[in-house]
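**Student:** coordinates only, sequence not included:
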């Protein structure tokens, strides 16, 4: 692993930590203002809409001006959003804070493009696995920290998130190298970008990524609501369960992804991950107690850990080098399109019947698995052709 990736992993970890610190708190914050479950979904949808708008812009700008300054600008948006959330006295201000944070949250594609810039293709899968580990560690520590800090007041986790984002900005300024520019910063034509994203391999990966993010985001949206309605658990228990899922994901991505992709290939590993996710979502209807939910959560965490880095690696390999920032930014927009749809559906279903929340993500995982198996079959046919 190149040393140039260490700063981006640190930035990713701190950024995810600042975001996940809020997950156990937001549903209860909405209830603090006597808002129904659907408001939780709308809060996440608002952030996702703004991220969808900003992601391709950040990606294109990073291709032209370099990765580092764009990452820093987007981090400033996130900082302002966290501060507003900490100071919020009404739901209107909370929605405004989520919108501003969303504008800053579209920089994931920039970080993924940076990894591709400085990593040889044969090591890219491992590099994205470590990127997933940074995410996983954020999920381990962030929810637990949020669950502890909320005892000091609903604003405490959000002040902590703002402080972490400030550290993140300083870390970026001091340690992140500039990264590459696409074609020495030249502006690429729309025709070239359209040609890149019309490639069958990229279209298929975009589709599978959308379905994956839809299912995962849906699960996160209903996570605290589901546990509250079905098992009567509070923020602290939600935090520890999320941390456990993050620990499992980090362990898999740190210790197994590289070996699995080397032996079976990224496509096969991602297919296995979708299969595990499908089983986990289907089993949500049959949870009868804490330990049955833990079993479901373990299956889900294993599946998500197998899918996330492998799909990203496959997309970075399929994207033309000169358009990589834009393609990864568009991928981030596709992710956020799923983020727009999933929270509203998840919160609505949770309101009607929490036992039925697994149906929609199970369907998404099934379609993604079929697409992945089809892509694998076509690849085998081409390989065996004349």
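**Tutor:** Now that the structure is in, tell me what you want to look at. Here the structure is a predicted model, which is why all the values come from computation and not from measurement. Residues are numbered from 1 along each chain as shown.

**Student:** so residue 163 is in which element?
**Tutor:** Residue 163 belongs to helix 156-175 when assigned by DSSP states H and E.

**Student:** Centre of the chain to that helix, how far?
**Tutor:** Computed by Cα atoms, centre = their mean, to the nearest Å, the chain-centroid distance of helix 156-175 equals 19 Å.

**Student:** Now it: average pLDDT?
**Tutor:** The average pLDDT within helix 156-175 is 84.

**Student:** And that helix, what's buried?
**Tutor:** Residues of helix 156-175 classed as buried: 156-162, 164-166, 168-169, 171-172 (neighbour count, 16 or more other Cβ atoms under 10 Å). Every C-beta, even on glycine, is put in place using the N, C-alpha and C of the backbone.

**Student:** what do you get for stretch 293-302?
**Tutor:** Counting neighbours by 16+ other Cβ under 10 Å, stretch 293-302 gives 293, 296, 297, 299, 300, 301, 302 as buried.

**Student:** Need the pLDDT of the fifth one.
**Tutor:** The one in question is residue 300. pLDDT at residue 300 comes out at 95.

**Student:** State the distance from it to residue 156.
**Tutor:** Distance of residue 300 to residue 156, given as Cβ to Cβ, to the nearest Å: 29 Å.

**Student:** Check the fourth one too.
**Tutor:** Between residue 299 and residue 156 the distance is 33 Å, computed by Cβ to Cβ.

**Student:** coming back round to it: packing partners for the helix holding residue 163?
**Tutor:** For helix 156-175, the elements it packs on are helix 5-20, helix 67-87, helix 124-149, judged by 3 or more Cβ pairs under 8 Å, 6 or more residues apart in numbering; DSSP states H and E.

**Student:** could you give the mean pLDDT of the shortest one?
**Tutor:** Think helix 5-20. For helix 5-20, the mean confidence score works out to 73.

**Student:** Contacts for that helix, please.
**Tutor:** Contacts to helix 5-20, defined as Cβ atoms under 8 Å, 6 or more residues apart in numbering, come from residues 71, 75, 78, 82, 105, 111, 114-115, 118-119, 127, 130-131, 133-135, 137-139, 141-143, 145-146, 160-162, 164-165, 167-168, 171-172, 175-177, 242, 246.

**Student:** again, 6 Å this time
**Tutor:** 111, 114, 134-135, 137-139, 141-143, 161, 164-165, 168, 171-172, 175-176 (Cβ atoms under 6 Å, 6 or more residues apart in numbering).

**Student:** swap in the second one?
**Tutor:** Residues from elsewhere that reach helix 67-87 (Cβ under 6 Å, 6+ apart): 58, 61-62, 97, 100-101, 103-104, 107, 110, 114, 155, 158-159, 161-162, 165, 168-169, 172, 176, 178-179.

**Student:** The stretch 201-350 of the chain: helices as residue ranges?
**Tutor:** For the stretch 201-350 of the chain, the helices defined by DSSP state H, counting those that start in this stretch occupy 235-255, 257-264, 266-283, 290-318, 324-352.

**Student:** Just want the angle from the second one to helix 290-318.
**Tutor:** So the one you mean is helix 257-264. Helix 257-264 runs at 70 degrees relative to helix 290-318, counting by axes from the mean of the first three to the mean of the last three Cα atoms, to 10 degrees.

**Student:** which parts of helix 257-264 are buried?
**Tutor:** 257, 258, 260, 261.

**Student:** and the two most separated of the residues you listed?
**Tutor:** Taking Cβ to Cβ as the measure, those span a maximum distance of 7.4 Å, between 258 and 260.

**Student:** Switch the helices of the stretch 201-350 of the chain over to CSV; also include distance to residue 5.
**Tutor:** Shown next, in CSV, are the helices of the stretch 201-350 of the chain (distance: least, Cβ to Cβ, whole Å):
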stretch, distance to residue 5
helix 235-255, 14
helix 257-264, 14
helix 266-283, 18
helix 290-318, 13
helix 324-352, 16
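
**Student:** In terms of mean pLDDT, which of those ranks lowest?
**Tutor:** Note on those: helix 324-352 shows the lowest mean pLDDT, a mean of 74.

**Student:** Tell me how far that helix lies from the chain's centre.
**Tutor:** Counting by Cα atoms, centre = their mean, helix 324-352 comes out at 10 Å from the chain centroid.

**Student:** and it with helix 67-87, angle?
**Tutor:** 20 degrees.
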